[in-house]
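J.: Build me a structure from this.
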Amino acid sequence: MITTDRTVRTFLDYFRERGHRLTPGGSLVPPPGDPVLYTTSGMHPLTPYLLGQPHPLGRRLTGVQRCLRTTDLDEVGDDTHLTVFEMLGSWSLGDYDGPQSLRWGFDLLHNGFGIEPDRMYVTVFGGDGQVEPDHESRRTWEELGLPVEPTTGENWWSNGPTGLCGPDSEIFVWTGDEVPQGTPTSDDRWVEVWNHVMMRYVRHPGGRLEPMRRPCVDTGLGVERLVRILRNTQSVFEIDLFEPWLTTLPRIWGPLDRRSLRLVSDHLRSSIVVLGDGVTPSPYRHGHILRRLIRRTLTTLWRDEPTRTLSDLPIELVEHTLGHFRQPADPHEVRTGLLDEETGFRRLLQRGRKVLSHRRFTGPLTDDDYRRLHDTYGLPRDLVVYLRVETENG
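T.: Below is the predicted model of the structure:
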């Protein structure tokens, strides 16, 4: 049986056998002063070393990093997106080149994980007005016998408006039931699994690209997406990590539609991980995202049954999640953090219902009304919308 833990071990062992040293996975919360709100990729903690600072473990690294992407919140519930996920990575800090990374990537997917080449498709950077096409990567893939699709924006990786950047090459795997067809940009049954970034430039304000004195290679592979493909399941929610959630939640809270069950499972699991990294709910920054996750969970649960409560959540699910992400936090304290936020949210809802019962707020609301409700009464727009729908539904 293919499991998440076994898949991670296979990946890490492959690169350790090729001289890569294992880096410890870091917190979701970057160090003070970092402009990124949460760690979004495996390379993020390695940014100083990719820029040239010597790494104490050497120039070949591998590891697994927990990540959180707020940009995907509205996508959660489909077959591929999660809020908190794990990213496997391999890095060359000025050691081997991009083609070597691509060859190892193909070998591991094919010979290590058993994915047949006829289920793979790759994309490469096709060039733009500033940088020529990535001929080197294209030649490597053609030598390996994989079909190649050149793109422009989709295959240029940037760490932001300024900073590290360069062309990348993405490996896609076919997830459809029939013979593969189309290309990664024309058929979404081609699912991106592994991205290899050739970090060759630093972008300066104004857009000027400065070639790096020591080009690097950064790769990132989503654990849950890979396990989904290896187990041949319809979605990431059908892999072993989510089995305890999808079997336990309907038992304690009754039937939930598929998207709601996925969202609640993801958001509760993600909230546990964020709490486990020392964040507490608040109106600001890290705490705001955590609060949003918990409240979105609660509004989903209460839409059909207002008596549902997080106090029903078994401690075993908290322990399972913290254990998987190797977090030493006390499960009971993490669970208490969830319950405290639920209590505060119930109080806010009671106040919101009272405020919205005023005559001036019973008709259609203007943008000025929403601003007043937020600034004067502390009621965010999404909460007001939720309460209005609640009223309309009786």
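J.: Now do the strands in the protein.
T.: All strands of the chain, identified by DSSP state E, fall at 21-22, 60-68, 84-92, 120-125, 148-151, 156-158, 163-174, 190-203, 209-222.
J.: Sheet partners, orientation included, of the fifth one?
T.: The reference is to strand 148-151. strand 120-125 (parallel) (DSSP bridges).
J.: List the buried residues of the partner strand.
T.: Buried residues in strand 120-125, counted by 16 or more other CB atoms under 10 Å: 120-125. In short, each C-beta sits where N, CA and C put it, glycine included.
J.: for stretch 231-249, same thing?
T.: Buried, per 16+ other CB under 10 Å, within stretch 231-249: 235-239, 241-242, 244-245, 248-249.
J.: likewise stretch 340-348?
T.: Those buried within stretch 340-348 under the rule 16+ other CB under 10 Å are 341-342, 345, 348.
J.: coming back round to it: need the buried residues of stretch 231-249 in JSON lines with pLDDT and distance to residue 190, can you?
T.: Shown next, in JSON lines, are the buried residues of stretch 231-249 (pLDDT from 0 to 100; distance: CB to CB, whole Å):
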{"residue": "235", "pLDDT": "91", "distance to residue 190": "16"}
{"residue": "236", "pLDDT": "93", "distance to residue 190": "16"}
{"residue": "237", "pLDDT": "95", "distance to residue 190": "20"}
{"residue": "238", "pLDDT": "95", "distance to residue 190": "19"}
{"residue": "239", "pLDDT": "96", "distance to residue 190": "19"}
{"residue": "241", "pLDDT": "94", "distance to residue 190": "23"}
{"residue": "242", "pLDDT": "96", "distance to residue 190": "23"}
{"residue": "244", "pLDDT": "96", "distance to residue 190": "30"}
{"residue": "245", "pLDDT": "97", "distance to residue 190": "28"}
{"residue": "248", "pLDDT": "97", "distance to residue 190": "33"}
{"residue": "249", "pLDDT": "97", "distance to residue 190": "31"}
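J.: quick one: which of those residues sit in helices?
T.: Under the assignment DSSP state H, these contribute 244-245, 248-249 to helices.
J.: Now the two most distant members of the residues you listed.
T.: Maximum pairwise distance among those (CB to CB): 9.2 Å, between 244 and 249.
J.: For stretch 337-357, what is the distance to the chain centroid?
T.: How far stretch 337-357 lies from its chain's middle: 29 Å, per CA atoms, centre = their mean, to the nearest Å.
J.: Now tabulate the buried residues of strand 120-125 in TSV and tack on distance to residue 381 and pLDDT.
T.: Formatted as TSV, the buried residues of strand 120-125 follow (distance: CB to CB, whole Å; pLDDT from 0 to 100):
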residue	distance to residue 381	pLDDT
120	44	97
121	41	98
122	42	98
123	38	97
124	42	97
125	40	96
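J.: avg pLDDT for stretch 275-292?
T.: Mean pLDDT, computed over stretch 275-292, is 93.
J.: Now that stretch: buried residues?
T.: Within stretch 275-292, judged by 16+ other CB under 10 Å, the buried ones are 275-277, 279, 281, 286, 288-292.
J.: With stretch 371-387 instead?
T.: Buried residues in stretch 371-387, counting neighbours by 16+ other CB under 10 Å, are found at 372-373, 379-380, 383-384, 386-387.
J.: Tell me the one of these nearest residue 304?
T.: Nearest to residue 304 out of the buried residues of stretch 371-387 is residue 386 (CB to CB; 13.4 Å).
J.: got the contact list for the closest one?
T.: Counting by CB atoms under 8 Å, 6 or more residues apart in numbering, residue 386 touches residue 299.
J.: Could you do the one 5 residues further on as well?
T.: Residue 391 makes contacts with 353, 356, as judged by CB under 8 Å, 6+ apart.
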